[in-house]
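Asks: what follows is a predicted structure for the sequence shown.
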Amino acid sequence: MRFQRSLLSLALAACALPVWAADTGAPKLPQKASYKVGFAQAENNNPWRIAETKSMQDIAQSCGWQLVVTDAGGSAAKQVADVDSMIAQKVDLIVLPPREEKPLIPAVMKAKKAGIPVILVDRNVDQKVAKAGRDYVTFIGSDFVDQGRRAAEWLVKATNGKATIIELEGTTGSSPANDRKKGFDQVIAKNPGMKIVASQSGDFARDKGRQVAQSLLQAHPNTTAIYAHNDEMAVGAITALEAAGKKPGKDVLVVSIDGTKDALTAIAAGKMGATVQSSPFFGPIACKTAQRYAKGEAIEPWVKVEDKFYDASNAQASMADGY
(Lines give C-alpha, C1' and ligand atoms only; values in the text may rest on other atoms or scores of the structure.)
Protein backbone atom coordinates (compact mmCIF):
# COMPACT_ATOMS: atom_id res chain seq x y z
CA MET A 1 0.00 0.00 0.00
CA ARG A 2 2.83 2.37 0.90
CA PHE A 3 4.50 1.55 -2.45
CA GLN A 4 1.25 2.29 -4.34
CA ARG A 5 0.88 5.63 -2.52
CA SER A 6 4.45 6.51 -3.52
CA LEU A 7 3.72 5.71 -7.16
CA LEU A 8 0.55 7.82 -7.00
CA SER A 9 2.50 10.75 -5.50
CA LEU A 10 5.08 10.54 -8.26
CA ALA A 11 2.39 10.45 -10.92
CA LEU A 12 0.63 13.48 -9.47
CA ALA A 13 3.93 15.36 -9.22
CA ALA A 14 4.66 14.61 -12.88
CA CYS A 15 1.24 15.90 -13.88
CA ALA A 16 1.92 19.12 -11.98
CA LEU A 17 5.05 19.82 -13.99
CA PRO A 18 4.86 22.38 -16.81
CA VAL A 19 4.45 20.72 -20.20
CA TRP A 20 7.93 21.82 -21.31
CA ALA A 21 9.53 20.22 -18.23
CA ALA A 22 8.14 16.81 -19.13
CA ASP A 23 10.60 16.11 -21.95
CA THR A 24 14.14 16.91 -22.88
CA GLY A 25 14.11 17.90 -26.54
CA ALA A 26 12.89 20.64 -28.84
CA PRO A 27 10.22 19.64 -31.39
CA LYS A 28 11.54 18.02 -34.56
CA LEU A 29 11.30 19.40 -38.10
CA PRO A 30 10.39 16.79 -40.70
CA GLN A 31 12.15 16.78 -44.06
CA LYS A 32 9.91 17.96 -46.90
CA ALA A 33 10.01 20.12 -50.02
CA SER A 34 8.40 23.21 -48.54
CA TYR A 35 7.58 24.69 -45.16
CA LYS A 36 5.24 27.31 -43.76
CA VAL A 37 7.55 29.48 -41.67
CA GLY A 38 6.60 32.27 -39.30
CA PHE A 39 8.95 35.21 -38.82
CA ALA A 40 7.73 37.20 -35.81
CA GLN A 41 9.64 40.48 -36.17
CA ALA A 42 9.97 42.69 -33.10
CA GLU A 43 9.63 45.94 -35.09
CA ASN A 44 10.34 47.30 -38.55
CA ASN A 45 11.09 50.90 -37.64
CA ASN A 46 14.82 51.19 -38.29
CA PRO A 47 17.38 50.22 -40.96
CA TRP A 48 18.70 47.22 -39.00
CA ARG A 49 15.28 45.61 -38.55
CA ILE A 50 14.24 46.38 -42.12
CA ALA A 51 17.42 44.69 -43.40
CA GLU A 52 16.78 41.69 -41.15
CA THR A 53 13.23 41.24 -42.44
CA LYS A 54 14.36 41.65 -46.05
CA SER A 55 17.05 39.02 -45.52
CA MET A 56 14.36 36.55 -44.43
CA GLN A 57 12.11 37.46 -47.35
CA ASP A 58 14.94 37.22 -49.87
CA ILE A 59 15.88 33.68 -48.86
CA ALA A 60 12.31 32.34 -48.56
CA GLN A 61 11.77 31.15 -52.14
CA SER A 62 15.12 29.41 -52.58
CA CYS A 63 14.73 27.80 -49.15
CA GLY A 64 11.25 26.48 -49.93
CA TRP A 65 9.59 28.68 -47.32
CA GLN A 66 6.11 30.12 -47.44
CA LEU A 67 6.91 33.01 -45.13
CA VAL A 68 4.41 34.54 -42.70
CA VAL A 69 5.81 37.87 -41.46
CA THR A 70 4.45 39.90 -38.56
CA ASP A 71 5.55 43.20 -37.01
CA ALA A 72 5.13 43.62 -33.25
CA GLY A 73 5.71 47.37 -33.45
CA GLY A 74 8.13 47.33 -30.52
CA SER A 75 5.68 45.57 -28.17
CA ALA A 76 6.71 42.34 -26.44
CA ALA A 77 3.03 41.58 -25.73
CA LYS A 78 2.17 41.99 -29.43
CA GLN A 79 5.09 39.73 -30.38
CA VAL A 80 3.76 37.03 -28.03
CA ALA A 81 0.33 37.41 -29.67
CA ASP A 82 1.97 37.15 -33.12
CA VAL A 83 3.58 33.85 -32.14
CA ASP A 84 0.21 32.64 -30.80
CA SER A 85 -1.31 33.45 -34.19
CA MET A 86 1.41 31.50 -35.98
CA ILE A 87 0.78 28.52 -33.73
CA ALA A 88 -2.93 28.74 -34.62
CA GLN A 89 -1.98 28.82 -38.30
CA LYS A 90 0.00 25.60 -37.75
CA VAL A 91 3.26 26.84 -39.19
CA ASP A 92 6.07 24.28 -39.45
CA LEU A 93 8.76 26.49 -37.98
CA ILE A 94 9.00 29.84 -36.18
CA VAL A 95 12.00 32.15 -36.52
CA LEU A 96 11.92 34.61 -33.65
CA PRO A 97 14.02 37.65 -32.71
CA PRO A 98 12.68 38.10 -29.14
CA ARG A 99 12.33 41.76 -28.22
CA GLU A 100 13.12 41.05 -24.57
CA GLU A 101 14.65 38.10 -22.75
CA LYS A 102 11.87 37.20 -20.29
CA PRO A 103 8.48 38.22 -21.81
CA LEU A 104 8.97 36.03 -24.90
CA ILE A 105 9.65 32.82 -22.98
CA PRO A 106 5.91 31.91 -22.77
CA ALA A 107 5.69 32.21 -26.57
CA VAL A 108 8.64 29.86 -27.02
CA MET A 109 7.10 27.38 -24.59
CA LYS A 110 3.68 27.53 -26.27
CA ALA A 111 5.28 26.74 -29.60
CA LYS A 112 7.12 23.82 -28.03
CA LYS A 113 3.87 22.51 -26.54
CA ALA A 114 2.30 22.73 -30.00
CA GLY A 115 5.17 20.74 -31.50
CA ILE A 116 6.57 23.67 -33.50
CA PRO A 117 10.35 24.18 -33.42
CA VAL A 118 11.64 27.70 -32.80
CA ILE A 119 14.92 29.20 -33.98
CA LEU A 120 15.92 32.36 -32.15
CA VAL A 121 17.82 34.99 -34.13
CA ASP A 122 19.55 38.23 -33.14
CA ARG A 123 18.41 38.17 -29.50
CA ASN A 124 18.18 35.37 -26.97
CA VAL A 125 15.77 34.58 -24.16
CA ASP A 126 16.68 34.05 -20.50
CA GLN A 127 18.68 30.83 -20.62
CA LYS A 128 18.09 30.18 -16.94
CA VAL A 129 14.47 29.45 -17.88
CA ALA A 130 14.55 28.25 -21.49
CA LYS A 131 17.44 26.36 -23.06
CA ALA A 132 18.58 25.70 -26.61
CA GLY A 133 18.18 22.07 -27.63
CA ARG A 134 15.51 21.52 -24.99
CA ASP A 135 12.97 24.30 -25.48
CA TYR A 136 14.06 25.76 -28.81
CA VAL A 137 16.44 24.64 -31.53
CA THR A 138 19.24 27.19 -31.25
CA PHE A 139 20.19 30.84 -30.99
CA ILE A 140 21.74 32.40 -34.10
CA GLY A 141 23.47 35.64 -33.28
CA SER A 142 26.47 37.74 -32.41
CA ASP A 143 28.53 37.76 -29.24
CA PHE A 144 27.04 40.93 -27.70
CA VAL A 145 29.46 40.95 -24.77
CA ASP A 146 32.38 40.86 -27.19
CA GLN A 147 30.82 43.69 -29.23
CA GLY A 148 30.74 45.88 -26.14
CA ARG A 149 34.28 44.84 -25.26
CA ARG A 150 35.60 45.74 -28.72
CA ALA A 151 33.90 49.15 -28.62
CA ALA A 152 35.47 49.85 -25.23
CA GLU A 153 38.92 48.71 -26.29
CA TRP A 154 38.81 51.05 -29.28
CA LEU A 155 37.71 53.94 -27.04
CA VAL A 156 40.47 53.28 -24.49
CA LYS A 157 43.05 53.37 -27.26
CA ALA A 158 41.54 56.43 -28.99
CA THR A 159 41.47 58.47 -25.76
CA ASN A 160 44.76 57.22 -24.31
CA GLY A 161 42.77 55.83 -21.42
CA LYS A 162 41.19 59.11 -20.33
CA ALA A 163 37.51 59.84 -20.97
CA THR A 164 34.28 61.01 -19.36
CA ILE A 165 31.63 58.77 -20.90
CA ILE A 166 27.88 58.80 -21.46
CA GLU A 167 26.38 55.40 -22.27
CA LEU A 168 23.17 55.11 -24.30
CA GLU A 169 21.65 51.73 -23.53
CA GLY A 170 19.37 49.68 -25.75
CA THR A 171 15.93 48.33 -24.89
CA THR A 172 15.75 47.54 -21.17
CA GLY A 173 15.66 43.78 -20.60
CA SER A 174 16.91 42.83 -24.08
CA SER A 175 19.92 40.54 -24.43
CA PRO A 176 21.96 42.91 -26.62
CA ALA A 177 21.44 45.80 -24.20
CA ASN A 178 22.37 43.66 -21.20
CA ASP A 179 25.43 42.12 -22.83
CA ARG A 180 26.74 45.15 -24.72
CA LYS A 181 26.68 47.04 -21.45
CA LYS A 182 28.40 44.19 -19.63
CA GLY A 183 31.24 43.89 -22.15
CA PHE A 184 31.84 47.63 -22.38
CA ASP A 185 31.60 48.33 -18.67
CA GLN A 186 34.00 45.51 -17.80
CA VAL A 187 36.75 47.00 -19.96
CA ILE A 188 36.13 50.54 -18.75
CA ALA A 189 36.28 49.40 -15.11
CA LYS A 190 39.86 48.22 -15.67
CA ASN A 191 40.96 51.68 -16.80
CA PRO A 192 41.03 54.20 -13.92
CA GLY A 193 41.17 57.18 -16.30
CA MET A 194 37.88 56.17 -17.92
CA LYS A 195 34.61 57.00 -16.13
CA ILE A 196 30.99 56.35 -17.13
CA VAL A 197 29.15 59.32 -15.60
CA ALA A 198 25.67 58.43 -16.90
CA SER A 199 23.99 55.41 -18.47
CA GLN A 200 20.38 55.49 -19.65
CA SER A 201 18.17 53.64 -22.14
CA GLY A 202 17.46 55.18 -25.52
CA ASP A 203 15.48 52.07 -26.54
CA PHE A 204 17.65 51.49 -29.66
CA ALA A 205 15.77 54.40 -31.33
CA ARG A 206 17.33 57.39 -33.11
CA ASP A 207 15.12 60.13 -31.74
CA LYS A 208 14.99 58.64 -28.25
CA GLY A 209 18.78 58.44 -28.37
CA ARG A 210 18.93 62.09 -29.37
CA GLN A 211 16.63 63.11 -26.53
CA VAL A 212 18.52 61.11 -23.90
CA ALA A 213 21.90 62.33 -25.17
CA GLN A 214 20.65 65.93 -25.10
CA SER A 215 19.49 65.59 -21.51
CA LEU A 216 22.65 63.82 -20.33
CA LEU A 217 24.93 66.30 -22.10
CA GLN A 218 23.21 69.12 -20.24
CA ALA A 219 23.75 67.29 -16.95
CA HIS A 220 27.36 66.38 -17.85
CA PRO A 221 28.78 69.14 -20.07
CA ASN A 222 32.33 67.83 -19.65
CA THR A 223 31.52 64.57 -21.48
CA THR A 224 34.29 63.55 -23.88
CA ALA A 225 32.85 60.29 -25.25
CA ILE A 226 29.52 58.66 -26.00
CA TYR A 227 29.04 54.91 -26.30
CA ALA A 228 25.74 53.90 -27.91
CA HIS A 229 24.46 50.33 -27.94
CA ASN A 230 23.42 50.78 -31.58
CA ASP A 231 24.04 53.10 -34.53
CA GLU A 232 20.55 54.61 -34.52
CA MET A 233 21.11 56.05 -31.05
CA ALA A 234 24.64 57.08 -32.02
CA VAL A 235 23.33 59.08 -34.99
CA GLY A 236 20.79 60.67 -32.66
CA ALA A 237 23.60 61.52 -30.25
CA ILE A 238 25.56 63.21 -33.06
CA THR A 239 22.53 65.41 -33.73
CA ALA A 240 22.36 66.28 -30.02
CA LEU A 241 26.06 67.13 -29.93
CA GLU A 242 25.76 69.45 -32.91
CA ALA A 243 22.72 71.13 -31.38
CA ALA A 244 24.77 71.72 -28.23
CA GLY A 245 27.49 73.42 -30.26
CA LYS A 246 29.95 70.55 -29.92
CA LYS A 247 31.87 68.88 -32.74
CA PRO A 248 31.25 65.11 -32.77
CA GLY A 249 34.47 63.26 -33.48
CA LYS A 250 36.57 66.10 -32.04
CA ASP A 251 35.02 67.50 -28.86
CA VAL A 252 33.25 64.23 -28.14
CA LEU A 253 34.13 60.81 -29.58
CA VAL A 254 31.25 58.52 -30.52
CA VAL A 255 31.53 54.73 -30.71
CA SER A 256 28.70 52.34 -31.44
CA ILE A 257 27.52 48.94 -32.66
CA ASP A 258 25.69 47.76 -35.82
CA GLY A 259 27.48 48.83 -39.00
CA THR A 260 24.64 50.71 -40.71
CA LYS A 261 25.27 52.85 -43.78
CA ASP A 262 24.51 56.00 -41.78
CA ALA A 263 27.17 55.02 -39.25
CA LEU A 264 29.75 54.24 -41.93
CA THR A 265 28.97 57.60 -43.55
CA ALA A 266 29.40 59.36 -40.19
CA ILE A 267 32.75 57.63 -39.64
CA ALA A 268 33.95 58.60 -43.12
CA ALA A 269 32.90 62.20 -42.34
CA GLY A 270 34.82 62.16 -39.06
CA LYS A 271 31.72 62.51 -36.88
CA MET A 272 31.81 58.98 -35.45
CA GLY A 273 34.90 57.10 -34.35
CA ALA A 274 34.00 53.46 -34.87
CA THR A 275 31.23 50.89 -34.99
CA VAL A 276 31.28 47.15 -34.38
CA GLN A 277 29.25 45.27 -36.96
CA SER A 278 26.18 43.36 -35.82
CA SER A 279 24.93 41.67 -38.96
CA PRO A 280 21.15 41.65 -39.61
CA PHE A 281 21.43 39.19 -42.51
CA PHE A 282 20.04 36.10 -40.79
CA GLY A 283 18.06 34.68 -43.74
CA PRO A 284 20.73 32.42 -45.28
CA ILE A 285 22.07 31.10 -41.97
CA ALA A 286 18.54 30.50 -40.62
CA CYS A 287 17.71 28.54 -43.79
CA LYS A 288 20.89 26.46 -43.57
CA THR A 289 20.34 25.78 -39.86
CA ALA A 290 16.73 24.67 -40.44
CA GLN A 291 17.86 22.35 -43.25
CA ARG A 292 20.51 20.81 -41.01
CA TYR A 293 17.95 20.34 -38.24
CA ALA A 294 15.46 18.68 -40.58
CA LYS A 295 18.17 16.19 -41.61
CA GLY A 296 18.56 15.19 -37.98
CA GLU A 297 21.89 16.90 -37.40
CA ALA A 298 22.75 18.01 -33.88
CA ILE A 299 22.63 21.81 -33.81
CA GLU A 300 24.98 23.72 -31.55
CA PRO A 301 23.17 25.80 -28.86
CA TRP A 302 24.68 29.00 -30.27
CA VAL A 303 25.32 29.47 -33.98
CA LYS A 304 27.73 32.37 -33.67
CA VAL A 305 27.83 35.19 -36.21
CA GLU A 306 31.25 36.77 -36.78
CA ASP A 307 31.25 40.58 -36.85
CA LYS A 308 33.56 43.05 -38.57
CA PHE A 309 34.91 46.31 -37.14
CA TYR A 310 34.76 49.68 -38.87
CA ASP A 311 36.74 52.85 -38.18
CA ALA A 312 38.36 55.62 -40.22
CA SER A 313 40.72 53.12 -41.84
CA ASN A 314 38.04 51.12 -43.65
CA ALA A 315 34.61 52.81 -43.37
CA GLN A 316 34.62 54.43 -46.81
CA ALA A 317 35.76 51.23 -48.52
CA SER A 318 33.13 49.20 -46.62
CA MET A 319 30.02 51.18 -47.62
CA ALA A 320 28.68 48.13 -49.46
CA ASP A 321 28.44 46.33 -46.09
CA GLY A 322 26.05 49.00 -44.78
CA TYR A 323 22.28 48.88 -44.95
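Replies: That came in fine, so what should we check first? Small disclaimer: the values here were computed from a predicted structure and weren't measured.

Asks: surely residue 68 touches residue 39?
Replies: Yes: between residue 68 and residue 39 there is a contact under Cβ atoms under 8 Å: 7.0 Å. (Each C-beta comes from the backbone N, C-alpha and C, glycine too.)

Asks: more neighbours, the two?
Replies: For residue 68 versus residue 39, neighbours defined as other Cβ atoms under 10 Å are more numerous around residue 39 (29 against 16).

Asks: and the contacts of the strand or helix carrying that one?
Replies: Assigned by DSSP states H and E, residue 39 belongs to strand 35-41. Contact partners of strand 35-41, identified using Cβ atoms under 8 Å, 6 or more residues apart in numbering, comprise 29, 49, 52-53, 56, 60, 64-72, 79, 82-83, 86, 89-97, 107, 290.

Asks: narrow these to those in helices?
Replies: Using DSSP state H, the members of these that fall in helices are 49, 52-53, 56, 60, 79, 82-83, 86, 107, 290.

Asks: leaving aside the residues adjacent along the chain, what's closest to residue 305?
Replies: residue 142 (4.8 Å; Cβ to Cβ, 6 or more residues apart in numbering).

Asks: tell me the pLDDT at that neighbour?
Replies: The per-residue pLDDT reported for residue 142 equals 97.

Asks: now for the residue nearest to residue 233 when sequence neighbours are not counted: which residues touch it?
Replies: Nearest residue to residue 233 in three dimensions, chain neighbours excluded: residue 209, at 2.9 Å (Cβ to Cβ, 6+ apart). Residues in contact with residue 209 (Cβ under 8 Å, 6+ apart) are 168, 202, 228, 232-237.

Asks: before we move on, the earlier item: of the contacts of strand 35-41, buried ones?
Replies: For the contacts of strand 35-41, a burial check counting by 16 or more other Cβ atoms under 10 Å picks out 29, 49, 52-53, 56, 60, 65, 67-72, 79, 82-83, 86, 91-97, 107, 290.

Asks: ranges for the strands of the stretch 51-200 of the chain?
Replies: 65-71, 93-96, 118-121, 138-141, 163-169, 194-201 (DSSP state E, counting those that start in this stretch).

Asks: to residue 152, which of those strands lies closest?
Replies: Proximity to residue 152 (Cβ to Cβ) singles out strand 194-201 among the strands of the stretch 51-200 of the chain, at 8.2 Å.

Asks: distance from the chain centre to the helix or strand containing residue 211, please.
Replies: Taking DSSP H and E as the definition, residue 211 sits inside helix 206-219. The chain centre lies 22 Å from the centre of helix 206-219; the measure is Cα atoms, centre = their mean, to the nearest Å.
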